[in-house]
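**Q** 3D model of this:
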Amino acid sequence: MKNKLKKLAVAALGVVSMAAFLNACSDEPVANTQGLQGSAAALPIKIIGGATECVTTNLTTQTWRDTIYIIKGDVRVPNNVTLTINAGTIVKGDKATVGTLSVERGGKLNAIGTASQPIVFTSTAVAGSRAQQDWGGVNLFGKAPNNQSVNAVPEGYPVCLTAPQHGGTVSNDNSGRLSYVRIEFGGKKTGVADVEKNGLTLYSVGSGTILDHIQVSYGGDDAFEWFGGSVNAKYLVSYRNKDDDFDTDWGYSGAVQYGVAVRDPQVADDSKSNGFESDTDADGVNGTRTTAQFSNFTLIGPYDPANTRTVINTPGTAEFGEGLHLRRNTGLDVYNTLVVGWKRGLYLDDTPAAELVTTSILTHNLIAQPFITGVSCVYEPVAPNNAWTLGASNVCSAATLATSSSTDNNGLIRKSGLTSAAWTLTNPSFLPQANLAGPVPPAYTSPVLATGTNASLINPFFDVNGTVAVSPTTYFKGARRAADDNGWNLSGTWLNFDPQNTPYN
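**A** Numbers count the residues shown, from 1 in each chain. Presented below is the predicted three-dimensional model:
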């Protein structure tokens with residue numbers, strides 16, 4: 001989101017059959033007569049929620065399993081209520097009623113999947129017809145501090161509803177756990193500038209909450225957005241979303257390790273789509289700054305190594321911004337991160353001077369510029385007014401096409417340490433390539449395998465990002481270790497890079 005005086009609601013959508021609609025208030029599952037793709041042994045469907053987006057349905061403590069759940073309208077997990085969702089469960093949202101799943105302060109969502117049985121939040125549209133903005137997404141509201149109010153109000157909820165509030169003084173507040181979860185085709189524009197819903201929105205969520213192995217795909221706005229709070233997270237994937245991949249606001253102070261962003265070159269927002277976007281607040285002058293720490297991310301931008309993609313660039317309608325856009329007095333720290341394939345890797349936006357970014361730490365990162373006109377790193381205002389400088393431990397350079405005929409050895413690939421598979425939208429790989437002895441292909445020393453810094457010394461939540469798992473002496477940059485998958489559990493099926501055509505029954 002671009003304007004950070006924010007309010008947020010989340011929604012889920014779907015198209016249901018008349019038989020299902022008539023049973024919308026029933027507690028019993030109805031037969032799956034929607035023609036959903038899949039095996040003959042289709043799961044039953046249960047409708048939860050109201051007939052319009054102005055109807056709020058408050059859940060009681062319950063467990064969802066062995067059924068496809070369709071949420072309609074404003075569905076909430078209230079204070080002192082726990083919603084448990086078992087591994088392998090599919091939850092769909094209703095488009096017509098802007099179905100919304102919101103976990104209020106004091107409520108808990110325990111959605112704990114496995115690497116082979118993820119929990120999927122998705123659209124009710126049939127395979128082949130799903131799209132961004134099919135539904136709203138998932139919202140968690142907590143009691144941890146933000147820099148606005150102990151009763152902050154989110155954006156995106158219709159005026160006919162009383163939106164949940166968030167904020168407080170409980171830094172270790174617990175909103176539950178999300179593990180091995182996919183959120184697809186959520187996030188929605190409301191028609192009002194800067195008032196949107198994201199894939200997963202975290203409002204003042206505390207550090208007692210557990211977030212890991214979460215993929216947000218085809219979202220209509222940001223993939224992940226934090227408004228204050230102190231929740232930590234690991235293993236996050238943003239895939240082909242419209243606006244920013246990882247957006248931090250309102251004094252968010254958590255730690256996040258291991259993340260990947262993959263961009264569709266033909267999908268961008270009217271306010272510019274960034275890998276990271278970080279603010280303290282809308283004015284950049286609030287006393288409690290955003291001080292989150294991110295380590296070991298791989299942000300794969302829209303420009304490919306072969307320079308064959310057509311990248312959308314219509315200012316004011318759809319265009320890409322930066323891999324890292326830091327502004328409005330943010331104190332965000334970034335370590336061990338690859339920013340590659342963006343027209344501009346880093347934009348330290350210090351205009352006006354009152355919003356000067358002075359304390360962010362960006363170290364042991366690699367920013368690789370594609371072979372297009374422009375500069376990799378921009379700082380405003382320029383030195384000496386800008387107190388922030390690019391340290392020697394960062395690499396921010398323009399890549400040029402190499403003379404080698406091998407695709408895997410052209411300039412952007414050699415500069416990034418990745419392979420051409422990183423830009424394959426149907427099955428992207430963020431595995432770094434190994435060192436090459438040469439002469440064929442030419443000798444190559446990776447810039448990422450052993451040039452990072454030990455993340456565990458930065459924040460105790462971070463793992464040791466060793467080049468090898470046992471007794472490391474060097475540390476890798478980016479989301480993935482070459483020797484193994486460092487906890488991503490990629491042998492499972494929890495990641496899906498073709499949700500458009502996946503049968504969900």
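**Q** the helices in the chain, which residues?
**A** The residue ranges that make up the helices of the chain, judged by DSSP state H, are 18-22, 411-416.
**Q** Check these for me: which has the lowest mean pLDDT.
**A** Within these, the stretch with the lowest mean pLDDT is helix 18-22, showing a mean of 26.
**Q** for the residue of the chain most remote from its centre, phi and psi?
**A** When distances are taken from the C-alpha mean of the chain, residue 439 lies farthest, 40.3 Å away, according to C-alpha atoms, centre = their mean. Dihedral angles phi and psi of residue 439 (degrees, to the nearest 10) take the values phi -80, psi -20.
**Q** how far away is it from residue 95?
**A** Between residue 439 and residue 95 the distance is 57 Å, computed by C-beta to C-beta, to the nearest Å. Using the backbone N, CA and C atoms, a C-beta is placed for each residue, glycine as well.
**Q** mind giving me the domain split of the chain?
**A** Structural domains of the chain, as assigned by automatic domain parsing, span the residue ranges 1-231, 246-256+271-505.
**Q** Go through the ones you listed and name the closest to residue 239.
**A** Go through the domains of the chain one by one with C-beta to C-beta and the one that ends up closest to residue 239 is domain 1-231, at 4.2 Å.
**Q** residue ranges with poor pLDDT in the chain?
**A** Under the criterion pLDDT under 70, the flagged ranges of the chain are 1-41, 191-194, 350-359, 371-410.
**Q** Now do the phi/psi pair for residue 438.
**A** As for residue 438, its main-chain torsions (degrees, to the nearest 10) stand at phi 80, psi 180.
**Q** so what's it closest to, chain neighbours aside?
**A** With sequence-adjacent residues excluded and distances taken as C-beta to C-beta, 6 or more residues apart in numbering, residue 438 is closest to residue 444, at 7.4 Å.
**Q** was I right about that neighbour contacting residue 417?
**A** No. Assessed by C-beta atoms under 8 Å, residue 444 is found out of contact with residue 417, at 9.2 Å.
**Q** what's the overlap in contacts for these two?
**A** With contacts taken as C-beta atoms under 8 Å, 6 or more residues apart in numbering, the residues that reach both residue 444 and residue 417 are residue 433.
**Q** For residue 106, give me its contacts.
**A** Taking C-beta under 8 Å, 6+ apart as the definition, contacts of residue 106 comprise 78-80, 143.
**Q** if you set the cut-off to 7 Å instead, what comes out?
**A** By C-beta atoms under 7 Å, 6 or more residues apart in numbering, the contact set of residue 106 is 79-80.
**Q** Residue 218 now?
**A** When contacts are taken as C-beta under 7 Å, 6+ apart, residue 218 is in contact with 132, 184-185, 240-241, 499.
**Q** Okay, and the beta partners of residue 326?
**A** Note on residue 326: beta-bridge partners by DSSP bridges are residue 278, residue 348.
**Q** Check the spacing between it and residue 459 real quick.
**A** 19 Å.
**Q** ditto for residue 64
**A** Where residue 459 is concerned, residue 64 sits at a distance of 34 Å (C-beta to C-beta).
**Q** What of residue 177?
**A** With distances taken as C-beta to C-beta, residue 177 is found 20 Å from residue 459.
**Q** and if you look at residue 290?
**A** As it turns out, when the distance is counted by C-beta to C-beta, residue 290 lies 15 Å from residue 459.
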